[in-house]
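>>> Mind looking at a prediction? Sequence and model below.
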Amino acid sequence: MAAVIDTVVHPLMRRNDVLQQYMREPLKRLFVAGSYRSMYPAPTGDPPHGEFLASANPKDAGPLDLPGSDPTMTLAFLDENGLDFAVLVPLTRGLNASSNHNTAICAATNDWLTDVWLGERAGRRRFYGSICVNPRDPEAAVAEIRRWAKNPAMVQVVVPMLVHTPYGQRVYHPIWAEAASHGLPVAVRNDGGSGLEYPPTPVGYPRFFIEYHTLASGNFGTHLASLITEGVFEKFPNLKFVFPDGGHDVLSHLGWRLDTTFPACRGETPWVKKMPTEYLAGHFRFASARHERPSFDAQGMADWARISDAETLVMFGSHYPHWTVMRPDELFPELPEPARDRMLAGNALDFYRDRIGAEAAAASR
Amino acid sequence: MKAGGRYVVGSVDELPPGTMKLVPVGKFGVGVYNVGGELVALTNYCPHRGGPLCQGQVIGWAEQGERPWEIRWSRPGEILRCPWHQWEFEIKSGSAIIYQESKRPYSIRMYPVKVEGGEVVLEGV
């Protein structure tokens, strides 16, 4: 099998105030919500606050040190699990109300990621990065993509899931054009906590963490439907999107609805040139997630994988050091090796092929 | 009426361009359309879910314009829309347009139709 790729690892800063060290005056003086400011606290009991694995706390961690902030521990996780390299997807607290501040937070996060995480490890590149951009300011987002496009360690652009306008709409097209021109896929990440986002479900705020956890990643559907029906992939044929929080398990019925409605409504969106689900394989991928799988027997799982095209659309993502961490052997263990190999390696190598060349992929073994 | 027979739809003068006539042929009836002078006969049965296709509107084709989000109306009178699920069919070919390129094309059953001595005649009925 080719190199095994972990498409979702969360890098955290050693302390929240590290971010300000990468910002300039006067914006560096502004308050930024910390990494623990998640919308619904996870009730796992893992110290210190439940959201991340206790085992990911740095050794001799002080009270302000964050789990998942030590690259050598993340490397150890990769090594223990036979993962050749990982794509890092940092959090920026989603949309921040002050848009210039938001842009500066994204830029500082990119500088920090490059500085602390993206160097070679023992002569090999083990970590690839994501370029954080502010989708509320497309011009600034384009500039930020240009600033990093030539850096071979940056392999995708990342934007928050919870924004105020679905991602297919015209206001975003300059960002997508820039990303596509550099062969950079776009990750839409369930990032938030700054307070500017809408409720995590379209009908408002649920009361419990389990509701949030179950429903939040499903917001991808709004963006997916928007991107397809607005004709974005006819305009940018090599543009690709990935949903690092998963959601593949609820994709199928959304696709069925799009396909059965489209013949009746085609004249409304004549820039859509084929059936909506025919855009999936060429333009969308979903990271795997531990809490999304039916409880069928082996034959049922094989049927489900075929119906939902998991072999094409899913890429392995561990989510380390998040408490929902998933290991490679938990990924569709019922499926035959060739199908699992595609989800563990082939799909991601193909998805990032414009950024991670074959030589680099081989060298990272 | 026997298979392979003929059916006289009526005088050609009764079916000018842009009109159609539904005749009681076969199990579902047959719609005879004059599309810009060309006669086409389609079974009144939608290949999607069996809707009464020939009760549908004869419309044009919405297509992408030059400017962003511009919709242009083309081919007026050449498209038939099923009244049940609004699928759009090209009258002259009898096929569901958006499925023409797909691995599962949908086609309406058609009959040969011609003009003989001023009369419109269906064949193969």
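It's in.
>>> list the helices and strands whichever strand or helix holds B:Gly77 packs on?
Using DSSP states H and E, B:Gly77 maps to strand B:71-81. Secondary structure elements in contact with strand B:71-81, counted by 3 or more C-beta pairs under 8 Å, 6 or more residues apart in numbering or on different chains; DSSP states H and E, are strand B:30-35, strand B:57-64, strand B:88-90. Every C-beta, even on glycine, is put in place using the N, C-alpha and C of the backbone.
>>> One more pass at 7 Å, please.
Contact partners of strand B:71-81 among helices and strands, from 3 or more C-beta pairs under 7 Å, 6 or more residues apart in numbering or on different chains; DSSP states H and E: strand B:57-64, strand B:88-90.
>>> Deepest-packed of those, please.
Mean neighbour count (mean count of other C-beta atoms under 10 Å in any protein chain shown) peaks for strand B:88-90 among these, with a mean of 22.
>>> Give me the mean pLDDT for that one.
Taken as a whole, strand B:88-90 carries a mean pLDDT of 96.
>>> Equivalent analysis for stretch A:192-211, please.
The model assigns stretch A:192-211 a mean pLDDT of 89.
>>> neighbouring contacts of that stretch?
A:33, A:37-43, A:93-97, A:160, A:162, A:212, A:215-216 (C-beta atoms under 7 Å, 6 or more residues apart in numbering or on different chains).
>>> remind me which residues of chain B are low pLDDT?
Counting by pLDDT under 70, chain B contains low-confidence residues at B:1-3.
>>> Could you measure from the residue positioned nearest the centre of it over to B:Tyr99?
Centroid check for chain B by C-alpha atoms, centre = their mean gives B:Ile91 as the closest residue, at 3.7 Å. Computed as C-beta to C-beta, to the nearest Å, the B:Ile91 to B:Tyr99 distance reads 16 Å.
>>> who in chain B is up against chain A?
B:62-64, B:68, B:71, B:85-88, B:98, B:102 (C-beta under 7 Å from any C-beta of the partner chain).
>>> Greatest separation within the residues you listed: which pair is it?
Using C-beta to C-beta, those span at most 29.0 Å, a distance reached by B:Pro68 and B:His85.
>>> Give me the buried subset of the contacts of stretch A:192-211.
A:33, A:37-40, A:42, A:93-96, A:160, A:162, A:212, A:216 (16 or more other C-beta atoms under 10 Å in any protein chain shown).
>>> Which residue ranges of the stretch 251-365 of chain A form strands?
Along the stretch 251-365 of chain A, the stretches classed as strands by DSSP state E, counting those that start in this stretch are A:284-287, A:314-315.
>>> Serialize the ones you listed to JSON lines and add fields for mean neighbour count and distance to chain B.
JSON lines is the format used below for the strands of the stretch 251-365 of chain A (neighbours: other C-beta atoms under 10 Å in any protein chain shown; distance: least, C-beta to the nearest C-beta, whole Å):
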{"stretch": "strand A:284-287", "mean neighbour count": "26", "distance to chain B": "19"}
{"stretch": "strand A:314-315", "mean neighbour count": "28", "distance to chain B": "23"}
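>>> Quick check: closest non-adjacent residue to A:Ser55.
Spatial nearest neighbour of A:Ser55, chain neighbours left out: A:Pro321 (7.7 Å); criterion: C-beta to C-beta, 6 or more residues apart in numbering or on different chains.
>>> Confirm for me that that neighbour is in contact with A:Asn57.
No: at 8.8 Å, A:Pro321 does not count as touching A:Asn57 under the criterion of C-beta atoms under 7 Å.
>>> Find the helix or strand that the spatially closest residue to B:Lys27 that is not a sequence neighbour is a member of.
Leaving aside its sequence neighbours, B:Lys27 sits nearest to B:Tyr45 (C-beta to C-beta, 6+ apart; 7.8 Å). B:Tyr45 belongs to no helix or strand when assigned by DSSP H and E.
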